[in-house]
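>>> Generate coordinates for the sequence data below:
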Amino acid sequence: MDIDSITNRYTAALERDLRAAIPPLAGCPGALTAFYTMLHYHLGWVEASGRPVKHGGGKRIRPVICLLACEAAGGDYRLALPVATAVELLHNFTLIHDDIQDCSVERRHRPTVWKIWGEAQAINAGDGMYALTQLALFRLAELDVPASFINEAAAELNRTLFALAEGQFLDMSFEQRLDVTVDQYLAMIERKTGMLIGAAAWLGAYLASADRELAEHYRMFGHALGIAFQIQDDILGVWGDPKSTGKPAGDDIFQKKKTLPLVFALQTAGAEQLRRLHEIYAAERISKAQTEAVAGLLKRLGAKEYAEDKAKAAHEDALLHLNEAAPLVEAGENLRNLASALLNRNR
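So this is what the prediction gives:
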């Protein structure tokens with residue numbers, strides 16, 4: 001089962017809730033049109049001109065996991081929509097800021113917010129989306145969700161955001177280093193990717209069950225799944241098919257990203273291989289020929305197989321935690337299928 005066949009059931013309801021959480025372009029004060037446009041543009045709803053378009057804002061994996069965890073723990077997914085929306089807005093807030101920090105000029109095959117409107121205004125748009133994250137949670141009160149849960153959900157999201165900031169700090173600190181260890185790399189992706197997916201699953205399950213022990217199983221499922229998800233991204237960033245990924249072959253090498261295949265190679269390469277890697281990564285730019293040479297070296301060193309094994313191990317760990325949660329049959333099967341689809345995706 002592919003990702004779309006699992007997420008499609010929730011797409012319409014989730015998009016409606018997301019749009020309800022974002023101030024509409026129609027009727028906004030004229031002086032703020034560009035500000036509102038940035039938010040709608042980043043979420044995939046409009047062009048930079050404000051013209052409506054159906055580009056899509058990604059697969060909404062994190063909020064769908066929140067909704068599925070709610071169902072799997074015995075709840076009605078519609079009750080979790082404001083939480084799922086908050087998770088997605090938090091994720092997109094970090095993406096807007098990450099694009100600035102990473103100097104990324106494209107996201108989802110379109111120019112990034114900062115590339116069109118400038119860094120300063122993009123930072124402001126990200127801040128606005130973070131504020132809307134918090135406000136989305138308070139819409140739970142309209143569904144008669146107890147204030148105690150709303151407070152816990154807000155605390156959970158903010159703890160998660162702090163972990164994301166730690167992960168981004170580590171990721172950026174690795175940029176000029178070639179001595180990053182596998183353990184250091186895994187500690188970074190646990191924070192940058194694992195924590196938010198884990199929080200999404202915890203929030204959905206806890207809202208449905210009010211059972212902390214049960215919700216922790218879902219958190220660990222999401223956390224391990226996030227690690228598998230990121231490592232698969234790393235594999236695609238080196239060996240992915242450009243026709244599927246939409247990025248040049250070996251793009252992570254060209255961008256000098258310290259992903260798991262490279263980190264593994266740096267720890268296992270022989271003296272001459274290590275000298276060559278240091279020489280290439282010390283250059284101001286990595287050429288196409290050098291990118292291909294590094295990809296070949298990583299493969300010869302077994303970096304691809306190593307990363308694939310790590311991703312599979314994290315995937316198996318996720319399924320063990322999900323089994324311990326004893327989810328309801330249909331939602332549990334959808335979570336298992338989604339986990340497998342994320343591991344085996346080609347883009």
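>>> Output stretch 315-335 as CSV, restricted to C-alpha atoms.
Extracted in CSV, the C-alpha atoms of stretch 315-335 (Å, rounded to 0.1, in the frame of the first residue of the first chain):
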residue,chain,number,x,y,z
HIS,A,315,11.6,0.4,11.3
GLU,A,316,11.5,-3.0,13.1
ASP,A,317,11.9,-1.1,16.5
ALA,A,318,8.9,1.1,15.5
LEU,A,319,6.7,-2.0,14.8
LEU,A,320,7.7,-3.6,18.1
HIS,A,321,6.5,-0.5,20.0
LEU,A,322,3.3,-0.4,17.9
ASN,A,323,2.6,-4.1,18.7
GLU,A,324,3.0,-3.4,22.4
ALA,A,325,0.3,-0.7,22.1
ALA,A,326,-2.1,-3.3,20.8
PRO,A,327,-3.8,-0.9,18.4
LEU,A,328,-7.3,-1.3,17.0
VAL,A,329,-7.1,-3.5,13.9
GLU,A,330,-7.8,-1.2,11.0
ALA,A,331,-5.9,1.9,12.3
GLY,A,332,-3.0,-0.3,13.5
GLU,A,333,-2.7,-1.9,10.1
ASN,A,334,-2.7,1.5,8.5
LEU,A,335,0.1,2.6,10.8
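>>> Over to the nearest residue to Glu216 once chain neighbours are set aside. Which of the three states is it?
With sequence-adjacent residues excluded and distances taken as CB to CB, 6 or more residues apart in numbering, Glu216 is closest to Trp202, at 7.1 Å. Every C-beta, even on glycine, is put in place using the N, C-alpha and C of the backbone. Secondary structure assignment for Trp202 (DSSP: H, G, I helix; E, B strand; the rest coil): helix.
>>> Pull the number of nearby residues for Trp202.
Around Trp202 there are 26 other residues, counting by other CB atoms under 10 Å.
>>> Wait, it touches Gly222, no?
Yes - under the criterion of CB atoms under 8 Å, Trp202 makes contact with Gly222 at 7.0 Å.
>>> Now do the shared contacts for these two.
Listed as contacting both Trp202 and Gly222 by CB atoms under 8 Å, 6 or more residues apart in numbering are Ala69.
>>> and the residue nearest to Glu216, what does it touch?
Neighbours of Trp202 in contact, by CB under 8 Å, 6+ apart: Ala69, Glu156, Ala215, Glu216, Tyr218, Arg219, Gly222.
>>> what's the distance between it and Leu196?
Separation of Trp202 from Leu196 (CB to CB, to the nearest Å) stands at 11 Å.
>>> contacts for the helix or strand where Ala131 lies?
Applying DSSP states H and E as the criterion places Ala131 in helix 119-138. Where contact means CB under 8 Å, 6+ apart, the residues beyond helix 119-138 that reach it are 21-22, 34-35, 38-39, 42, 82-83, 85-86, 89-90, 92-94, 96-97, 99-100, 112-114, 117, 150, 153-154, 157, 161.
>>> likewise stretch 75-84?
With CB under 8 Å, 6+ apart as the test, stretch 75-84 has contacts from 10, 13-14, 17, 21, 62-64, 66-68, 70-71, 136-137, 139-140, 143, 145, 153, 200, 203-204, 207-209.
>>> just for the stretch 1-150 of the chain, where's the confidence low?
55 (pLDDT under 70).
>>> So which residues of it form helices?
Along the stretch 1-150 of the chain, counting by DSSP state H, counting those that start in this stretch, helices occupy 3-21, 33-42, 61-72, 81-102, 113-117, 119-138, 147-173.
>>> Any chance of a markdown table for these, columns distance to His278 and mean neighbour count?
Formatted as a markdown table, these follow (distance: least, CB to CB, whole Å; neighbours: other CB atoms under 10 Å):
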| stretch | distance to His278 | mean neighbour count |
| --- | --- | --- |
| helix 3-21 | 38 | 16 |
| helix 33-42 | 37 | 20 |
| helix 61-72 | 36 | 28 |
| helix 81-102 | 22 | 24 |
| helix 113-117 | 31 | 21 |
| helix 119-138 | 31 | 18 |
| helix 147-173 | 18 | 16 |
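>>> Those helices into CSV, with extra columns for distance to Ala187?
Output for those, formatted as CSV (distance: least, CB to CB, whole Å):
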stretch, distance to Ala187
helix 3-21, 27
helix 33-42, 29
helix 61-72, 21
helix 81-102, 18
helix 113-117, 28
helix 119-138, 24
helix 147-173, 7
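>>> for the ones you listed, which one sits closest to Lys247?
Comparison of these against Lys247 by CB to CB identifies helix 81-102 as nearest, at 13.8 Å.
>>> Just the C-alphas of the closest one, formatted as PDB.
What follows is helix 81-102, C-alpha atoms only, in PDB (Å, rounded to 0.1, in the frame of the first residue of the first chain):
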ATOM      1  CA  LEU A  81      -7.800  17.500  14.000                       C
ATOM      2  CA  PRO A  82      -6.800  20.700  15.900                       C
ATOM      3  CA  VAL A  83      -3.800  18.800  17.400                       C
ATOM      4  CA  ALA A  84      -2.800  17.400  14.000                       C
ATOM      5  CA  THR A  85      -3.100  20.900  12.500                       C
ATOM      6  CA  ALA A  86      -0.900  22.200  15.300                       C
ATOM      7  CA  VAL A  87       1.700  19.500  14.600                       C
ATOM      8  CA  GLU A  88       1.700  20.400  10.800                       C
ATOM      9  CA  LEU A  89       2.000  24.100  11.500                       C
ATOM     10  CA  LEU A  90       4.900  23.600  13.900                       C
ATOM     11  CA  HIS A  91       6.600  21.400  11.300                       C
ATOM     12  CA  ASN A  92       6.200  24.100   8.600                       C
ATOM     13  CA  PHE A  93       7.300  26.900  11.000                       C
ATOM     14  CA  THR A  94      10.600  25.000  11.300                       C
ATOM     15  CA  LEU A  95      10.900  24.400   7.600                       C
ATOM     16  CA  ILE A  96      10.600  28.100   6.800                       C
ATOM     17  CA  HIS A  97      13.400  28.900   9.200                       C
ATOM     18  CA  ASP A  98      15.500  25.900   8.200                       C
ATOM     19  CA  ASP A  99      15.400  27.000   4.500                       C
ATOM     20  CA  ILE A 100      16.900  30.300   5.600                       C
ATOM     21  CA  GLN A 101      19.600  28.700   7.700                       C
ATOM     22  CA  ASP A 102      20.500  26.200   5.000                       C
END
